[in-house]
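Peer 1: Fold the following and give me the result.
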Amino acid sequence: MKPQRMRMTHELVSAYGMVDKMDILRAKRATGEQMTRFHTDEYVHFLQNVTPETCDKLSSHGTRFLVGDDNPAWDGLFEFCSLSAGGSIEAAQRLTSGAADIAINWAGGLHHAKKREASGFCYINDIVLAILELLRFYPRVLYIDIDCHHGDGVEEAFYTTDRVMTCSFHKFGEYFPGTGTQDDRGRGRGRGYAVNVPLKDGITDETYRSVFEPVIYKINEVFKPCAIVLQCGADSLAGDKLGCFNITMQGHANCVRFVRKLGIPFMMVGGGGYTVKNVARTWTYETACALGIQDEIDPNMPWNEYFEWFGPRYRLEVVRNNMEDLNVKDGSLDKVREVALQHISELRPAPSVGLKDVPRESIGEHLGFSAQQMYTDETDEKLAQNMRLVYSLQDSSTSDDEDDAVTDSDDESLSDRRALRNSRRIRSGKARMSIMTNQLINVPRLEEDGHGYWDYGLGHIPEPATVPAKHMKRRFFQSSARWDDLLRRVTLANEGVGMPKVFVADIMANGGRSGEHDLSDPEEMDIDDEEATPEQTSLCTMSDHSIVKEQPGRITPPSVEVAEASAQQQETLRARTRRWGRKFTTKDGWFGDYNYVWLCTPTLPFSIGGKKKRTMPPFFPLESDLPLLLALACGLQHALAMLAGLITPPIIFASALSLDSETSAYMISASLIGCGILSLVQMSRIHLFKNYHLGTGLISVVGTSFATLSTANAIFDAMYADGTCASTTASDGTVTREPCPDAYGMVLGTSIICSFLEIFMSFVSPRVLQRIFPPLVTGTVILMIGASLIGSSGIPNWGGGSNDCAGRPTSGIFELCPTIYAPRPLPWGSPEFIGIGFLSFVAIILTELFGSPFLKNISIIVGLAVGCIVAGACGYIDGSSITTAPAITFLWVHRFKIRVYPPAILPMLAVYVSLAMEAIGDITASAEVSRVPVDGEDFDSRIQGGVLSDGIGGFLSALFTVTPLSIFAQNNGVIAITRCANRTAGRFCCMFLILFGVLGKISGVFLAIPDPVLGGVTTFLFASVAVSGIRVLSYIEFTRRNRFVLAAALSFGIGDLLVPAIFTHLFDGVNHPNKGLQGFMDSITIVLSTPFLVAGIVAAVLNLILPQEDKEDDESSTSDMLDIEASHLEKEKAM
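Peer 2: The predicted model follows:
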């Protein structure tokens, strides 16, 4: 473990010329304050002061901090720890800043160090400190340990969290540290996120690879880490003095190569390794693997300062020996691999975490505890000043009295007597294992005194009531300042003493005084000045009898930003008016500091003068203060992004029912107005009772569901077939549908009664719903919705129209498309129609390639605009719909007879189940891009509120003469690109939608869009829906069972899609059914004739009845695939 290993490695790396291929940094030393991010203050303070001479005294004769003979104190101990930890922290910062994809610190990897003590030659756990740094930017981090010893210190640090997965491949048995069984899987939220692969002596490259690659591959598939930390302990090499594996340098480095191929940012740290020359060889070769130049490395070593150490062969190699591989001999490795893969498969996929802004400074730096001088602005200084005051208000019940003052004095004899007294008051404690001897040692523990209270896991912690006050040590930063939920202010807690509440804000505004209580009364001072350090000047406490210690000078009152949260709660109407007045009358209120140039800058195919880094705008969370112009711009983007999806369903409904242009224009206006109103409800998150809400509180806009569109078309077909709607048959057999507005009213009425199903589902736990309808089911449904809409609407419109002209009749008004009365009618499928649609399609692609962020968000509208311009110039646009459309319109200008169509009840119930599942997925996506938590009670309440709002929206939308509305997912892309999740922008979006709907001429313009233009655009739109379904399916594990369920569901779905009439004559053999039975049979026919409904039902039923099976066959096939790929790569290398 001597630092000479790193020096030899660096010399070899330099000799091979790898220094020029990477950045070499001299990392800053880690400060004591940085180390306390994981380790305790007392332990770090001990390391700063311990020497070989004082070790026995400071560690209470080896009973705390440095336990056993494995962790000796030596001169320069803290200096080495600061260098090692500083290197790992700097490596993590290089990854988080994007300055590097791979970072290496061979001086790190000290994975045994615990929070309160050293272990196994490890004093400061640099790995934990590095992972904590990574977690500030990455939601999930994977830690992989290939040291021969179990990485117990890192596993213990993250044992209860699901944000870090630890995976250790180690020797298990009578071997240090004696932990790491496969039953050690974590606890609480971290259950399952600690993966241990215990191995036996003599494991070789092949067997190690057979377990390493499948396990890491599976972890990457399920956990989806954003960053990886790889501990490359070299004591797992063959011939190591303390190791017992038989792995060569190539086998060890294969782990690095495999992790590198994952394409995830990762950092490599050192670790164990007690045959120094082999350690240097391996870390040098693994550095080359990280650079991707391992094939260019000459196995014959170049000359270097330590050349004689590598004799007699002087080659870059570590060869295996003749050890017997016990893992293969008894067949235990297969069982270990099987259990590990099974445990990983049981985890829920990719836990998420809400993102927050990373503070510029730590609390310690704010309080002045860091020795480094760092730049701070005025706000930082004010915040630091206020925090010093709050933290100086300590509870004196934990303060030291006069006895402590005597104990802490300079009287050496008293100190010696106290240490001797402590050493006698011991009894048997927790056992530790030695890394050198692998033998257990009993560590005594202290009790009933100051050291006993701070025995750091070596003994029990006495109850506070049983420990005298003089033996209680002050806990750092245990302030008596508390947040009062009722008063919405920070107060000083004085329970049981009959004193009034003291407000911290008043103290700060009064220069550190609390009105009638003078905090600087010299008679009430009760603090040990001998203990105080310059950084902790004037730390004060509050006892049951007094408020103590003098305060600093007059302090500037806290800024508005510090108290913003509480100020908003108590904001008066007058203050709110002033704030809005400033927003409307100042430049900052209108424009802010947003980068509008970025929003409108196109993406050019080339750039002059090389690449120029584009500055991203700041992120605006839900309730941040948003400039008016930005709110308008983002609101308009949201409205335009969803516009095509809102106008398409009513246009298709009107076309399917042959409605006149006036009614069709009204349906478009009603859809826009209804979406605007109900989107406001969805964004509001109105509290109902207990933890139930109405709405998500996010920018969750709603629109006409495409699931409703697909089902309604099947319902309309059934109505025309059973005579509910009239149709005529020409002499040549061409069937022409008559206008049937009553059919639309029947769909609305049926929707009203079926909406109560989704309202009921909103009160069921989201986790229960997800178990019943997993991604296997919802992905299949979404895929089939998109595919069926492409075939029934998108492509037919592209060819000229989806009405009866698609059949190319030889007579009648539909002989030409869209009708013979159009300005320039042509037969369906004419090249002119296909060319206009293709032009709109290409416009979408070009906008995505070269458009600005603003245009990319509205690429569908750009495609419509380009197609309409060309179509209008060529005379294909009929302007009669614009002429007949009213200038101003609103809801209920046209009304429909609300009735229930019994055969549509079952299909509509299935539609609402589908809407609930879509809502859960869309709300999760909205929460992620809005940087709010996607787990926990708050998130569950957002899911509940969103589904409830969806159900109530289905009820109200029918009253608005609009088919069921559901949450749209298109707007999540707008949030991600503009970095604006503020609900003010969402409210402006609703305003624009209502405005577009009220202005009736706009609906006339939309209705005048030629069918080929609409078809070219909606084909892309519906294909995006299908791709969303494929994306959902990608989350599942394609086991044999899941493949079987998916194949069965798609058999019905795709078959129904390709041959729509297959179930039409299913009940023709039933003679003279009564009205109820006929309605039931029609309902079944509609379900079976709707691809996404029949596929979803088959998938849901099979998913519930088919048992989960062992994945041994799939895991074996995965392992075989990896072995085949590796064999293929080796053959290529040999060639």
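Peer 1: for the stretch 601-750 of the chain, which spans come out with low pLDDT?
Peer 2: 605-618, 732 (pLDDT under 70).
Peer 1: Tell me the buried residues in the strand or helix carrying residue 1045?
Peer 2: Using DSSP states H and E, residue 1045 sits within helix 1040-1058. Going by neighbour count (16 or more other C-beta atoms under 10 Å), the buried part of helix 1040-1058 is 1041, 1042, 1045, 1046, 1048, 1049, 1050, 1052, 1053, 1054, 1056, 1057. Every residue, glycine included, has its C-beta placed from N, CA and C.
Peer 1: before we move on, what about stretch 816-827?
Peer 2: Of the residues in stretch 816-827, 816, 817, 818, 819, 822, 825, 826 count as buried by neighbour count, 16+ other C-beta under 10 Å.
Peer 1: Please apply the same query to stretch 879-891.
Peer 2: For stretch 879-891, by 16+ other C-beta under 10 Å, it's 881, 882, 885, 886, 889, 891.
Peer 1: tell me the contacts of the third one?
Peer 2: So the one you mean is residue 885. 661, 662, 665, 1000, 1001, 1003, 1004, 1007 (C-beta atoms under 8 Å, 6 or more residues apart in numbering).
Peer 1: rerun at 7 Å
Peer 2: 665, 1000, 1001, 1003, 1004 (C-beta atoms under 7 Å, 6 or more residues apart in numbering).
Peer 1: Leaving out the residues flanking it, which one is nearest to it?
Peer 2: Spatial nearest neighbour of residue 885, chain neighbours left out: residue 1004 (3.0 Å); criterion: C-beta to C-beta, 6 or more residues apart in numbering.
Peer 1: Give me the packing partners of the helix or strand containing the one you found, helices and strands only.
Peer 2: Using DSSP H and E, residue 1004 falls within helix 1000-1007. Contact analysis of helix 1000-1007 by 3 or more C-beta pairs under 7 Å, 6 or more residues apart in numbering; DSSP states H and E lists helix 661-684, helix 880-884 as its packing neighbours.
Peer 1: A helix includes residue 278, no?
Peer 2: Yes - counting by DSSP: H, G, I helix; E, B strand; the rest coil, one finds residue 278 located in a helix.
Peer 1: If you tally nearby residues, what's the number for it?
Peer 2: Counted with other C-beta atoms under 10 Å, the neighbours of residue 278 add up to 26.
Peer 1: Then residue 147?
Peer 2: Applying other C-beta under 10 Å, I find that residue 147 has 25 neighbouring residues.
Peer 1: Kindly report the same for residue 321.
Peer 2: Using other C-beta under 10 Å, residue 321 has 9 other residues around it.
Peer 1: Where do the helices of the stretch 701-850 of the chain begin and end?
Peer 2: 706-722, 741-761, 766-772, 775-789, 795-799, 831-850 (DSSP state H, counting those that start in this stretch).
Peer 1: any idea which of those is most buried?
Peer 2: Most buried of those, by mean neighbour count (mean count of other C-beta atoms under 10 Å): helix 775-789, with a mean of 26.
Peer 1: What angle do helix 1040-1058 and it make with each other?
Peer 2: 20 degrees (axes from the mean of the first three to the mean of the last three C-alpha atoms, to 10 degrees).
Peer 1: Mind naming the longest strand for the protein?
Peer 2: For the chain, the longest strand by residue count, based on DSSP state E, is strand 164-171.
Peer 1: partner strands of it, parallel or antiparallel?
Peer 2: Sheet pairing of strand 164-171 (DSSP bridges) gives strand 141-145 (parallel), strand 194-199 (parallel).
Peer 1: which of the helices and strands packed on helix 1000-1007 sits most buried?
Peer 2: helix 661-684 (a mean of 25).
Peer 1: Which other helices and strands does the helix or strand following it contact?
Peer 2: Stepping forward along the backbone from helix 661-684, the first helix or strand reached (DSSP H and E) is strand 686-689. Contacts defined by 3+ C-beta pairs under 7 Å, 6+ apart place strand 686-689 against strand 692-694.
Peer 1: Tell me which residues of the strand it packs on come out buried.
Peer 2: Those would be 693, 694, for strand 692-694 by 16+ other C-beta under 10 Å.
Peer 1: now do stretch 1032-1042
Peer 2: Under 16+ other C-beta under 10 Å, the buried positions of stretch 1032-1042 are 1032, 1033, 1036, 1039, 1041, 1042.
Peer 1: First-to-last residue distance for that stretch?
Peer 2: Distance between the boundary residues of stretch 1032-1042 (C-alpha to C-alpha, to the nearest Å) amounts to 14 Å.
Peer 1: go on, stretch 109-123?
Peer 2: The separation between the terminal residues of stretch 109-123, taken as C-alpha to C-alpha, is 11 Å.
Peer 1: next one: it to chain centre, how far?
Peer 2: 31 Å (C-alpha atoms, centre = their mean, to the nearest Å).
Peer 1: which other residues reach the helix or strand containing residue 256?
Peer 2: Using DSSP H and E, residue 256 sits in helix 249-261. Residues outside helix 249-261 that contact it (C-beta under 7 Å, 6+ apart) are 144, 146, 205, 208-209, 212-213, 216, 228, 230, 232, 236-237, 266, 268, 281-282, 285-286, 289-290, 317-318.
Peer 1: how about the strands of the stretch 901-1050 of the chain, start to end?
Peer 2: Listed in chain order, the strands of the stretch 901-1050 of the chain (DSSP state E, counting those that start in this stretch) span 965-967.
Peer 1: residues in contact with residue 239?
Peer 2: With contact set as C-beta under 7 Å, 6+ apart, residue 239 has these partners: 275, 278, 321.
Peer 1: What values do phi and psi take at the closest residue to the last one other than its chain neighbours?
Peer 2: In other words, residue 321. In this structure, residue 321 finds its nearest non-sequential neighbour in residue 238, 5.3 Å apart by C-beta to C-beta, 6+ apart. With angles defined as degrees, to the nearest 10, residue 238 sits at phi -60, psi 140.
Peer 1: Tell me, how many residues neighbour residue 238?
Peer 2: Neighbours of residue 238 (other C-beta under 10 Å): 24.
Peer 1: thought it was touching residue 247?
Peer 2: Yes - in this structure, residue 238 is within contact of residue 247 by C-beta atoms under 7 Å, at 6.0 Å.
Peer 1: Format the CA atom coordinates belonging to stretch 330-340 as PDB.
Peer 2: Taking C-alpha atoms only, stretch 330-340 is exported to PDB below (Å, rounded to 0.1, in the frame of the first residue of the first chain):
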ATOM      1  CA  ASP A 330     -17.500 -27.600  -7.200                       C
ATOM      2  CA  GLY A 331     -19.700 -25.800  -9.700                       C
ATOM      3  CA  SER A 332     -20.500 -23.000  -7.300                       C
ATOM      4  CA  LEU A 333     -19.900 -20.200  -9.800                       C
ATOM      5  CA  ASP A 334     -23.000 -21.000 -11.900                       C
ATOM      6  CA  LYS A 335     -25.200 -20.800  -8.800                       C
ATOM      7  CA  VAL A 336     -23.600 -17.500  -7.800                       C
ATOM      8  CA  ARG A 337     -24.100 -16.000 -11.200                       C
ATOM      9  CA  GLU A 338     -27.700 -17.200 -11.300                       C
ATOM     10  CA  VAL A 339     -28.600 -15.700  -8.000                       C
ATOM     11  CA  ALA A 340     -26.900 -12.400  -8.800                       C
END
